[in-house]
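A.B. asks: got a predicted model here, sequence first, then my questions.
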Amino acid sequence: MFPVKPVLIVGAGPGLGLSIARRFGRDGHPVALIARNQDRLDGYVASLRGDGITAVAVAADVTDPGRTRAAVTTVTDRLGPIGTLYYGPGAADPTAHPAPIQQTEPHHLDEAIRALVRPALDLTGLVLPGMVERGDGTLLYVTGLGAVVPIPMLGALAPASAALRTYALTLNASLTDTGVYAGTLVIGGLIERGDIHRHAVAAFGADGLPTLDPDELADSAAELAATRSAPERVFNALT
């Protein structure tokens, strides 16, 4: 286990985000949740505190740099400097379907970059300088399987996911000997208990869906953060 310091979880939802909070909280880390919906965040915080985990939450849309900065400032004022940033934003609309790659237009890619990649850079810029100054810190970024496997139906999400993965890997290479680690979790499959999984079950039924257990993913994230044994881990339930 690495030193007990606050963990900032961006994109906290009922699937992987909440499992990450429980996993790191179980090791004694205070957790801070950022997502769009305050009512849902209040429920997550109550549940975590019921398990004895120190938890706070701030509602913010991280595609807005100003609100992102304000949210991180609020968290650090309450818990102290961030020791781990977990970046795993969920879909704004879990029922939406991207245009497939042959129908992808420039504005689709612009939107995907703004939604997925730009917030990661904004958040990193807010926490990384302090980590480097202290000589310790962890950055974990979640991206999709389209970053490493051609999945035409993902359209613009595939190159955006690849951009986020490359950013994480390149950032990790640049941080050698600083005490700061950057890693990426590449996710291919429906995360159980998550919003997209819930909609998929409602639409198609549970049988045969390619699912991943968020608790197992959270264990892997905690292991990567503790051991820093590799810059990425790929989870593929699709092929």
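C.D. replies: Here it is on my side, so go on. Numbers count the residues shown, from 1 in each chain.
A.B. asks: what's near enough to touch residue 9?
C.D. replies: Taking C-beta atoms under 8 Å, 6 or more residues apart in numbering, we find residue 9 in contact with 17, 20-21, 31-34, 86, 88. From N, CA and C alone the C-beta is placed, and that goes for glycine too.
A.B. asks: got the confidence number for residue 15?
C.D. replies: Note on residue 15: pLDDT of 86.
A.B. asks: just to revisit the earlier point, of the contacts of residue 9, which belong to strands?
C.D. replies: 31-34, 86 (DSSP state E).
A.B. asks: okay, now the unreliable bits of the chain?
C.D. replies: 1-3, 91-95, 193-204, 206-208 (pLDDT under 70).
A.B. asks: can you give me the helices in it?
C.D. replies: With helices called from DSSP state H, the chain shows them at 16-26, 38-50, 65-79, 106-112, 118-134, 157-174, 195-204, 214-227.
A.B. asks: how close does the residue positioned nearest the centre of the chain get to residue 58?
C.D. replies: Central residue of the chain (C-alpha atoms, centre = their mean): residue 88, 1.5 Å from the mean position. Distance, residue 88 to residue 58, by C-beta to C-beta, to the nearest Å: 16 Å.
A.B. asks: how far does stretch 155-167 sit from its chain's centre?
C.D. replies: Distance, stretch centre to chain centre, for stretch 155-167: 14 Å (C-alpha atoms, centre = their mean, to the nearest Å).
A.B. asks: residue 72 reaches residue 82, doesn't it?
C.D. replies: Yes: Residue 72 lies in contact with residue 82 (C-beta atoms under 8 Å); the separation is 7.4 Å.
A.B. asks: residues shared between the contacts of the two?
C.D. replies: Joint contacts of residue 72 and residue 82 (C-beta under 8 Å, 6+ apart) are 8, 127.
A.B. asks: got the contacts of residue 9 as TSV, with distance to residue 235 columns?
C.D. replies: Below are the contacts of residue 9 laid out as TSV (distance: C-beta to C-beta, whole Å):
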residue	distance to residue 235
17	16
20	14
21	19
31	22
32	25
33	22
34	23
86	15
88	13
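A.B. asks: surely the residue nearest to the centre of the chain meets residue 15?
C.D. replies: No: judged on C-beta under 8 Å, residue 88 makes no contact with residue 15 at a distance of 9.4 Å.
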